[in-house]
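Chemist: prediction below, plus the sequence it came from.
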Amino acid sequence: MKNVSAAPVSEVVLTSWITPKLPPTRLTGPCAPAVDAIRCRWQVLQPGEQAEGVIEVALPEDSHGPVHIKGRVTWHRISAATSATTVP
């Protein structure tokens, strides 16, 4: 994913739900399994910064039907007032 805004964003969370629920076999980046999903978290993404990660799951040999991946990204916009520093 990429921050296409002109401002940095913080507390970025990518939540991925996989149906049927399949155990992850490989996670890269700041990703970890949660109770009902897989969550990847970034503290800050600067304007234009791109973040990547890999989620791999094992498909049972006897599986039938499609696998669906649903994702949601949440973040907080860092305002100029928040990111400004004051010097006494």
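Modeler: In hand now; what should we look at?

Chemist: only C-alpha atoms for contact and neighbour calcs from this point on.
Modeler: Will do.

Chemist: give me the contact list for the helix or strand containing residue 12.
Modeler: Assigning secondary structure by DSSP states H and E places residue 12 in strand 9-19. Residues from elsewhere that reach strand 9-19 (Cα atoms under 8 Å, 6 or more residues apart in numbering): 3, 36-47, 67-78.

Chemist: next one: stretch 27-41
Modeler: Stretch 27-41 is contacted by residues 11-18, 24, 42, 52-56 when judged by Cα under 8 Å, 6+ apart.

Chemist: tally up the residues packed near the nearest residue to residue 67 once chain neighbours are set aside, please.
Modeler: Excluding its sequence neighbours, the residue lying closest to residue 67 (Cα to Cα, 6 or more residues apart in numbering) is residue 19, at 5.7 Å. Residue 19 is flanked by 12 other residues according to other Cα atoms under 10 Å.

Chemist: would you map the strands across the chain?
Modeler: 9-19, 24-27, 31-33, 38-45, 55-57, 68-77 (DSSP state E).

Chemist: helices or strands next to the fifth one in the packing?
Modeler: For strand 55-57, the packing partners by 3 or more Cα pairs under 8 Å, 6 or more residues apart in numbering; DSSP states H and E come out as strand 24-27.

Chemist: give the buried residues for the strand it packs on.
Modeler: residue 27 (16 or more other Cα atoms under 10 Å).

Chemist: what average pLDDT does it get?
Modeler: The pLDDT scores in strand 24-27 average 94.

Chemist: just stretch 54-73 next, same as before
Modeler: Here the average pLDDT along stretch 54-73 is 90.
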